[in-house]
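In: Dropping a prediction and its sequence here:
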Amino acid sequence: MIQVQDVTFYYGDKNKKVFNRFCLQLEQNKVYGLLGENGTGKSTLLYLMMGLLRPSEGQILVDGADMSFRQRKALQQMYIVPEEFTLPQIRFADYVETYRPFYPAFSDDILHRCMEEFHLPLDVRIDQLSMGDKKKVLMSFALATNVRYLLMDEPTNGLDVPSKKQFRKVIATTMTEERTLIIATHQLHDVESLLDHVLILQRSQLLLNASVEALCEKYTFDVRSNEALTDDVLYTERTPQGNATLSLRQPDDEETQLNLELLFNAVTSDSINGEFL
Amino acid sequence: MATIKNILQLWRFYWRTEKKIYLRLFFMFWAIFLVKIAVIDFIFMHGDSEIYAWTHNTLHTYICMGGILITVSRLFDAIHQKQRAIDFLSLPASNGEKFFSRYLLGIIGVPLLVNLSLLAAACVVTLVLNSIDVLLSHQPSGWETIFNYYYDPYSWVGFRDVLRGYYPVSTFIVVSIWNYIVLLAFISFFIWFGTAFRKAGWVYAFIAIFVTAALLVFFLEVTGSGNQPTPRIAISIFKYGSILFTILYTYLAYHSFCRAQVVTHKFFTL
């Protein structure tokens, strides 16, 4: 479990706090979507969870360990795929040999499966890869570490459309019972089908903290004509197909698939704020 | 035991990811020493003996000490660049293991690397001179001449002096140990500045040393003790003070390292 307890954090200027007494609790065995516009503190929150930033107040506990101390045992259960990264100029097989001793639960099987899914050979030279392929290679390694908490910052940035599909497949097939995945992104469609839980950040405040199951139980996401815009509609957007609507689900309504972008826009425009917090 | 195993694991990691840097440093120092021994010393060999003594001894010490101190101050460069910091700080090893694995590289690895490159340069010069001797007189001058070019940069008692019987081996060992302790204090100071300052920590470290030295000289001049021989008590204070300063600077460097974050705007981390 990751516990963010009353965390206050700022970069340099005390008056511009990124987080002010911020609290959050993340359970195990879930895929969390940490959503928000640019500059809302998504990456900062991931770095705080990894112990790469230190809160000025409060603490972050991962399975009871204070991440400010960056203890070996705690770090063995965590891996971060940053948005931008540099990889050493070596072959991927050498990269694996270099880093794998630090992760006791490393799985060759998962690594081979991921690389196969991404259509990449194991003996590839990392520095000769495109940015997208470098990201695939790092994500394959991250998944193969078998850590309990995997943090990904904008994982689909730089991936083309087929690669995004591969990414979703790889995540879906390698997620195990003991693992928690936190994906920070503003590319909502790319991760929509993967999420168990949605967290929406705006101006460093948590606007929404709800499971996909609870959201789909409470709301209906559909496209309606102008005539069908009844009082139960909480938020609507005009699209070429009609009005994309988010409405309260009635007892006899069938469950609909989550429309993450619509939900995000509804929450950030205060249409359904606070409902699940 | 677990910590020793983890430090060994980190060293393997450094070797795999940084071996090009170590090799580049070795060849850079080797080239500098080669130029120094084969060109600068040679030029001044038959000229003014004071200038030759300066190039042969003082310049040599400056090159060795400067090379070591600048190199060790950059041991923690990774924590000052965001992407490298993410990679290094999130690596599963404790702060202590990461810090001391690098610190040991600084106090043992870097002086060893500089000495090996000096020895390699001395070997090349000796080999070339031996070859010339063979060509001219058909008699090599012998490999012991290597100690004409490889001499301890940190000590007034070198291998050569011991070989020639000027000093006993025990004196050489005692002097070398004390010189190494003083060197440790300087290395620790530069590691601290390199860890604490985001950029060019060695520049600030040199400035701090020059300012301190200037103040000391000023104090000696004012008190009129500048021209008197240094009392034994002062030498003892300097020697034993080096041990205390080594501990203090090492602690400060470790403290700065533990507080390091992936923040690139911070000028100084204490």
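Out: Perfect, I can see it now.

In: so what's residue A:108 up against?
Out: residue A:144 (C-beta atoms under 8 Å, 6 or more residues apart in numbering or on different chains). (Each C-beta comes from the backbone N, C-alpha and C, glycine too.)

In: Go again with 10 Å.
Out: A:96, A:100, A:122, A:144 (C-beta atoms under 10 Å, 6 or more residues apart in numbering or on different chains).

In: In a strand, the third one, correct?
Out: No - secondary structure of residue A:122 (DSSP: H, G, I helix; E, B strand; the rest coil): coil, not part of a strand.

In: Can you name the residues that contact it?
Out: With contact set as C-beta under 10 Å, 6+ apart, residue A:122 has these partners: A:91-93, A:96, A:108, A:111-112, A:115-116, A:137, A:140.

In: about what we covered before: generate a PyMOL selection restricted to the buried subset of the contacts of residue A:108.
Out: To isolate the buried ones among the contacts of residue A:108 in PyMOL, judged by 16 or more other C-beta atoms under 10 Å in any protein chain shown, type:
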select buried, chain A and resi 96+100+144
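
In: Using pLDDT, spot the least trustworthy of the contacts of residue A:108.
Out: Across the set of those, residue A:122 stands lowest in pLDDT, at 87.

In: What separation do you get for that residue and residue B:190?
Out: Distance check for residue A:122 against residue B:190: by C-beta to C-beta, to the nearest Å, it reads 41 Å.

In: Same check on residue B:74?
Out: 9 Å.

In: shaky segments in the stretch 151-270 of chain B?
Out: Across the stretch 151-270 of chain B, the ranges flagged by pLDDT under 70 are B:151-160, B:225-227, B:230, B:264-265, B:270.

In: next one: the stretch 151-277 of chain A
Out: For the stretch 151-277 of chain A, the stretches with pLDDT under 70 are A:273-277.

In: Can you list the residue ranges for strands in it?
Out: According to DSSP state E, counting those that start in this stretch, the stretch 151-277 of chain A carries its strands in the segments A:180-185, A:197-202, A:205-211, A:219-224, A:233-239, A:242-248.

In: Please name the bridge partners of the most centrally placed residue in chain A.
Out: Nearest residue to the geometric centre of chain A (C-alpha atoms, centre = their mean): residue A:183, 1.1 Å. For residue A:183, the beta-bridge partners under DSSP bridges are residue A:33, residue A:152.

In: Do you know the pLDDT at residue A:88?
Out: Model confidence at residue A:88, given as pLDDT, is 86.

In: Where does the closest residue to it other than its chain neighbours fall, secondary structure wise?
Out: Spatial nearest neighbour of residue A:88, excluding adjacent residues (C-beta to C-beta, 6 or more residues apart in numbering or on different chains): residue B:17 at 4.9 Å. Per DSSP states H and E, residue B:17 falls inside helix B:2-35.

In: Can you list the helices and strands that that helix packs against?
Out: Helix B:2-35 is packed against helix A:72-75, helix A:92-99, helix B:60-73, helix B:82-89, helix B:95-104, helix B:110-137, with contacts defined by 3 or more C-beta pairs under 10 Å, 6 or more residues apart in numbering or on different chains; DSSP states H and E.

In: Tell me how far the residue of chain A positioned farthest from its centre lies from residue A:261.
Out: In chain A, residue A:227 marks the outermost C-alpha relative to the chain mean, sitting 37.2 Å out by C-alpha atoms, centre = their mean. Separation of residue A:227 from residue A:261 (C-beta to C-beta) stands at 24 Å.

In: Quick check, the residue in the stretch 151-270 of chain B closest to chain A?
Out: Per C-beta to the nearest C-beta, residue B:262 is where the stretch 151-270 of chain B lies closest to chain A, at 4.5 Å.

In: would that residue count as being in a helix?
Out: No - looking at residue B:262 with three-state DSSP, it is coil, so not inside a helix.

In: and residue A:15, how far is that from residue B:67?
Out: In this view, residue A:15 and residue B:67 are 45 Å apart by C-beta to C-beta.

In: An error on my part: the question was meant for residue A:155.
Out: Counting by C-beta to C-beta, the gap from residue A:155 to residue B:67 is 43 Å.

In: Neighbour count: those two, which is higher?
Out: Set residue A:155 next to residue B:67 and count neighbours by other C-beta atoms under 10 Å in any protein chain shown: residue A:155 wins out with 27 against 22.

In: ok so, going back, what is the most widely separated pair among the contacts of residue A:108?
Out: A:100 and A:122 (12.6 Å; C-beta to C-beta).

In: so what sits against both of those two?
Out: Taking C-beta under 10 Å, 6+ apart as the contact rule, residue A:100 and residue A:122 both touch A:108, A:111.

In: So whichever residue of the stretch 1-150 of chain B sits closest to chain A, which state does it fall into?
Out: Chain A sits closest to residue B:92 of the stretch 1-150 of chain B, with a gap of 4.0 Å, by C-beta to the nearest C-beta. Following three-state DSSP, we place residue B:92 in the coil state.

In: Tally up the residues packed near it, please.
Out: By other C-beta under 10 Å, 24 other residues sit near residue B:92.

In: How about the one 10 residues further on?
Out: For residue B:102, the tally of surrounding residues (other C-beta under 10 Å) stands at 25.

In: Report whether the expected contact of residue A:51 with residue A:77 is present.
Out: No - using C-beta atoms under 10 Å as the test, residue A:51 is too far from residue A:77 to be in contact (11.8 Å).

In: Quickly list what's touching both of the two.
Out: With C-beta under 10 Å, 6+ apart as the test, residue A:51 and residue A:77 both reach A:62, A:65.

In: how many neighbours does residue B:259 have?
Out: 15.

In: Okay, it and residue A:68: tell me how far apart.
Out: Taken as C-beta to C-beta, the span from residue B:259 to residue A:68 is 9 Å.

In: Between the two, which contacts overlap?
Out: With C-beta under 10 Å, 6+ apart as the test, residue B:259 and residue A:68 both reach residue A:54.

In: quick one, what contacts the most centrally placed residue in chain B?
Out: The centre of chain B sits closest to residue B:68, judged by C-alpha atoms, centre = their mean, with a distance of 3.0 Å. By C-beta under 10 Å, 6+ apart, the residues touching residue B:68 are B:29, B:106-107, B:110-111, B:113-115, B:153-154, B:183, B:186-187, B:190.

In: per-residue pLDDT, it?
Out: 94.

In: Can you tell me which residues in the stretch 51-200 of chain A are near chain B?
Out: Within the stretch 51-200 of chain A, the positions near chain B by C-beta under 10 Å from any C-beta of the partner chain are A:51-54, A:68-90, A:94-95, A:97-99, A:101-104, A:145, A:147, A:151, A:153.

In: can we see that at 8 Å?
Out: A:51-54, A:69-72, A:75-76, A:78-80, A:82, A:84-86, A:88, A:90, A:94, A:97-99, A:101-103 (C-beta under 8 Å from any C-beta of the partner chain).

In: Of the residues you listed, just the buried ones, ChimeraX syntax please.
Out: Typed into ChimeraX, the line below selects the buried ones among those, using 16+ other C-beta under 10 Å:
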select /A:51,52,53,54,70,71,72,75,76,78,79,80,82,85,88,90,98,99,102,103
